[in-house]
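Q: Need the 3D shape of this:
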Amino acid sequence: MLASPEQPNEATRQAEPEPTLPVPLHSDSFGFPYQPYTIQEDFMKNLYSALEQRQVGIFESPTGTGKTLSIICGSLKWLNDHSQRLDIAKETLQSQLIQQNTSGR
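A: Residues are numbered from 1 along each chain as shown. All right, here's what the predicted structure looks like:
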C-alpha cells in the first residue's frame, strides 16, 4: 500500500531538528579537576559543540596537552546535559499524556 502525499511514511518523514544546548562558557562547568589551560578549555568547548551538533570531529593537540582528560570531561559534560534534557522532555510528554487522558474522559 502506498502512502498518500499528505501522510508521509517513516522513510519520507524528516525528523525535526532538536534544539541545541549552548556550549558551556566557563571551564569549571566541565568538571575538569584542575585549572585547565586555554588549549584544554577550547578543546572541551569544540568537542561539546561537535557532539551537540551531531558532527564528526577530528581533534589534534600536541603531546602532553591533556587530550584524554579533555575528551573525558567534555564528553561527560555533554552526556550529562543531554540526559537532563531527555529527562525533562520525557516528564513533559508524560504530563501531557496524563492531561490528555484525564480531560478526554
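
Q: longest single helix anywhere in this protein?
A: helix 67-103 (DSSP state H).

Q: in that helix, what counts as buried?
A: Buried residues in helix 67-103, counted by 16 or more other Cβ atoms under 10 Å: 67, 69-70, 72-75, 77-78, 81. The C-beta positions use only the backbone N, C-alpha and C, and glycine is treated the same way.

Q: Show me what that helix is packed against.
A: Secondary-structure packing of helix 67-103 (3 or more Cβ pairs under 8 Å, 6 or more residues apart in numbering; DSSP states H and E): helix 38-52.

Q: what angle separates the helix it packs on from helix 67-103?
A: Helix 38-52 and helix 67-103 meet at an angle of 40 degrees, taking axes from the mean of the first three to the mean of the last three Cα atoms, to 10 degrees as the criterion.

Q: Name the surrounding residues that touch helix 38-52.
A: Contacting residues not belonging to helix 38-52 are listed as 20-21, 23-24, 27, 30, 32, 36, 56-57, 59, 61, 65-67, 69-71, 73-75, 77-78, 82 [Cβ atoms under 8 Å, 6 or more residues apart in numbering].

Q: try 10 Å this time
A: 18, 20-27, 29-32, 34-37, 55-62, 65-67, 69-75, 77-79, 81-82 (Cβ atoms under 10 Å, 6 or more residues apart in numbering).

Q: what stretches of this protein score poorly on pLDDT?
A: For the chain, applying pLDDT under 70 flags the ranges 1-21, 25-27, 104-105.

Q: can you do 50?
A: Applying pLDDT under 50 to the chain flags the ranges 1-5, 8, 12-13.

Q: ok now stretch 73-85, how far from the chain's centre?
A: Computed by Cα atoms, centre = their mean, to the nearest Å, the chain-centroid distance of stretch 73-85 equals 7 Å.

Q: what residues does that stretch touch?
A: Stretch 73-85 has contacts (Cβ under 10 Å, 6+ apart) with 18-24, 27, 29-33, 36, 40-41, 43-52, 59, 66.

Q: what separates I88 from S49, distance-wise?
A: According to Cβ to Cβ, to the nearest Å, I88 stands 21 Å off from S49.
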